[in-house]
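J.: my questions concern the predicted model and sequence given below.
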Amino acid sequence: MKANLVVHTQSHDYPIIITSQCDMAKEIAPYIKGKQVMIVTNTTVEKLYLADLAAGLEEDFEVMSVVLPDGEQYKTQQYIDTIYDALMDNHCSRDVTLVALGGGVIGDMTGFAAASFMRGVNFIQIPTTLLSQVDSSVGGKTGINHPKGKNMIGAFWQPQMVLADMHTLTTLPQRELSAGMAEVIKYALIMDETFLDWLEDNMAALMGLDKVALAEAVARCCQYKADIVAQDEREAGKRALLNFGHTFGHVIETHEGYGQWLHGEAVAAGMVQAAQLSHKMGWISEAQLQRICAVLISAKLPTQPPSIDTQIALDLMQHDKKVKSGQVRLILLKSVGDAVVTADFEPKLLEEVLASCVPN
Ligand SMILES: NC(=O)c1ccc[n+]([C@@H]2O[C@H](COP(=O)([O-])OP(=O)(O)OC[C@H]3O[C@@H](n4cnc5c(N)ncnc54)[C@H](O)[C@@H]3O)[C@@H](O)[C@H]2O)c1
Ligand SMILES: O=C(O)C(=O)C[C@@H](O)[C@H](O)[C@H](O)COP(=O)(O)O
Ligand SMILES: [Zn+2]
């Protein structure tokens, strides 16, 4: 099985190759322009996939690697500097290609290093988690966290190609698979109720790592994202829909300490909070709210945020990148599959949602 999609952007178009199992080096080699390749990975993924990839590229390229510590807490400027140091120490020039081998943390950091080193060099995404295959490797959002806010420093910088190999998901811990499923469910909730029907029917196969079902889910999600990115690469409008659940979710990640709640877990609980507010506004029904919780539970995801003081949550929300003229803008659901970006909600209703979480 091999599927190709294309992402159309202002800078260039690029393919997403989805395979059930492949020789990674062979797939990415045609997209490497110069002779130098710097693979960026972490201590976990290094042990699983680095040696084969590097060996496969060595005949044709000068291959170097930099291995970062594993975790969201290392998505910081300090470790971007580690990537710059490796590039400088190895005398990399402007035609170096960076290869992100790992999940969304490695993808976001490698992309940001590529966007900024020598004012911009090529990079390739090899996402190895479900979350990174369905979301973070596509669309060119790159960056790092600030102690007071998620992904606060970064750049839009598109990869030359994305290679999603379903085989890499066979080594993924179940908690990480679930975290990725949160972003999968997100697409259904914002874009397509029939995809939610499909997910409900196929959740057991997906959670059981059925490669055919996973490839279908990855392809559908990448197509939804590619369509949005082609229309609105820099989030001037419609792209903000992809942030459904994230204003709430980023509050959880920042407040609890990066890495305590996985991004997907925080987004899951955040999507329930956004759905609760949508329900309070008279949009989605109680039955739809329950359906959303049920599909998240079937993917072993949390539906309750941790206990956070309402004022602290509101203050953290002010750092959200969608805030305009001091007004928080949220993605809410008119119904399942129909999302809107709005600042037009009663502040009291938002406070009720934030205050209603059950303490741990
Ligand atoms: N740029 C975007 O558009 C975008 C979209 C969504 C999320 N993100 C970002 O992505 C990050 C989350 O990504 P993630 O969920 O992939 O987390 P992650 O990168 O931390 O990876 C999750 C864990 O799985 C391990 N791992 C990776 N591949 C593996 C494999 N094949 N087998 C076994 N273990 C493996 C990693 O070492 C890590 O411990 C967050 O920082 C989030 O902000 C960015
Ligand atoms: O690609 C996008 O656009 C998204 O919003 C995808 C999100 O899943 C992702 O977590 C993104 O990094 C959040 O963006 P941010 O701009 O709120 O940091
Ligand atoms: Zn996300």
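T.: It's in. Ligands and ions are numbered 1, 2, ... in the order given.
J.: please make it C-alpha for all contacts and neighbour counts, starting now.
T.: Will do.
J.: following the chain onward from the helix or strand hosting residue 153, which element is next?
T.: Under the assignment given by DSSP states H and E, the secondary-structure element containing residue 153 is strand 149-156. Scanning the chain past strand 149-156 towards its C-terminal end, the next helix or strand to appear is strand 162-165 (assignment: DSSP H and E).
J.: now do the following helix or strand past that next one, average pLDDT.
T.: Next in sequence after strand 162-165, counting helices and strands by DSSP H and E, comes helix 174-191. Per-residue pLDDT values across helix 174-191 average out to 98.
J.: and stretch 297-311, by the same measure?
T.: Along stretch 297-311, the predicted confidence averages to a pLDDT of 97.
J.: remind me which helix or strand residue 219 belongs to.
T.: Residue 219 belongs to helix 211-231 when elements are defined using DSSP H and E.
J.: the residue of the stretch 251-360 of the chain found nearest ligand 1: neighbour count?
T.: Of all residues in the stretch 251-360 of the chain, residue 263 sits closest to ligand 1, with a separation of 5.4 Å (CA to the nearest ligand atom). The criterion is other CA atoms under 10 Å. On that basis, residue 263 has 24 neighbouring residues.
J.: so what's it up against?
T.: With contact taken as CA atoms under 8 Å, 6 or more residues apart in numbering, residue 263 is in contact with 179, 249, 250, 253.
J.: which of these ranks first by neighbour count?
T.: Using other CA under 10 Å as the contact criterion, the top neighbour count among the contacts of residue 263 goes to residue 249, which has 29 neighbours.
J.: tell me the helix or strand right after the strand or helix carrying it.
T.: For residue 249, the enclosing helix or strand under DSSP H and E is helix 246-256. Next along the chain after helix 246-256, taking DSSP H and E as the criterion, comes helix 263-280.
J.: what mean pLDDT does that following helix have?
T.: Taken as a whole, helix 263-280 carries a mean pLDDT of 98.
J.: same question for stretch 147-161.
T.: In this model, stretch 147-161 carries a mean pLDDT of 97.
J.: and it, how far from the chain's centre?
T.: Using CA atoms, centre = their mean, to the nearest Å, the mean C-alpha position of stretch 147-161 is found 11 Å from that of the whole chain.
J.: same check, this time on stretch 106-121
T.: 16 Å.
J.: that one: which residues count as buried?
T.: If you call a residue buried by 16 or more other CA atoms under 10 Å, then stretch 106-121 has these buried ones: 106-117, 121.
J.: tell me which other helices or strands the strand holding residue 153 touches.
T.: Other elements packing on strand 149-156 under the criterion 3 or more CA pairs under 8 Å, 6 or more residues apart in numbering; DSSP states H and E are helix 104-116, strand 141-146, helix 246-256.
J.: show me which residues of that strand are buried.
T.: By neighbour count with 16+ other CA under 10 Å, strand 149-156 contains the buried residues 149, 150, 151, 154, 155.
J.: residues in contact with the first one?
T.: Contacts for residue 149 were tallied using CA under 8 Å, 6+ apart; they are 250, 251, 254, 316, 319, 320.
J.: also the third one?
T.: Taking CA under 8 Å, 6+ apart as the definition of contact, the neighbours of residue 151 are 143, 144, 145.
J.: scan those and report the most crowded one.
T.: residue 143 (28 neighbours).
J.: distance of that residue relative to residue 153?
T.: Distance, residue 143 to residue 153, by CA to CA, to the nearest Å: 6 Å.
J.: which residues sit against the strand or helix carrying residue 40?
T.: According to DSSP H and E, residue 40 maps onto strand 36-42. Taking CA under 8 Å, 6+ apart as the criterion, the residues outside strand 36-42 that touch it are 50, 61-70, 83, 87, 92-93, 95-102, 106, 110.
J.: any of those buried? List them.
T.: 50, 63-68, 70, 83, 87, 92, 95-102, 106, 110.
J.: out of the residues you listed, which sit inside strands?
T.: Secondary structure assignment (DSSP state E) places 63, 64, 65, 66, 67, 68, 97, 98, 99, 100, 101, 102 from these within strands.
J.: so can I have TSV of those showing distance to residue 17 and pLDDT?
T.: Converted to TSV, those look like this (distance: CA to CA, whole Å; pLDDT from 0 to 100):
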residue	distance to residue 17	pLDDT
63	22	98
64	24	98
65	23	98
66	24	99
67	25	99
68	26	99
97	18	99
98	18	99
99	15	99
100	15	99
101	15	99
102	16	99
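J.: the residues you listed also near ligand 1: which ones?
T.: The subset of those lying close to ligand 1, counting by CA under 6 Å from any ligand atom, consists of residue 102.
J.: among the ones in strands among the buried ones among the contacts of strand 36-42, pick out the one closest to ligand 1, please.
T.: Sorting those by distance to ligand 1 puts residue 102 at the head of the list, at 4.9 Å, by CA to the nearest ligand atom.
J.: ok, the closest one - contacts?
T.: Shown in contact with residue 102 (CA under 8 Å, 6+ apart): 41, 42, 45, 126, 127, 128, 129.
J.: what is the burial count for the last one?
T.: The tally of other residues near residue 129 (other CA under 10 Å) stands at 26.
J.: also the first one?
T.: Other residues lying near residue 41 total 28 when counted by other CA under 10 Å.
J.: so how far is ligand 1 from it?
T.: Here the criterion is CA to the nearest ligand atom, to the nearest Å. By it, residue 41 lies 8 Å from ligand 1.
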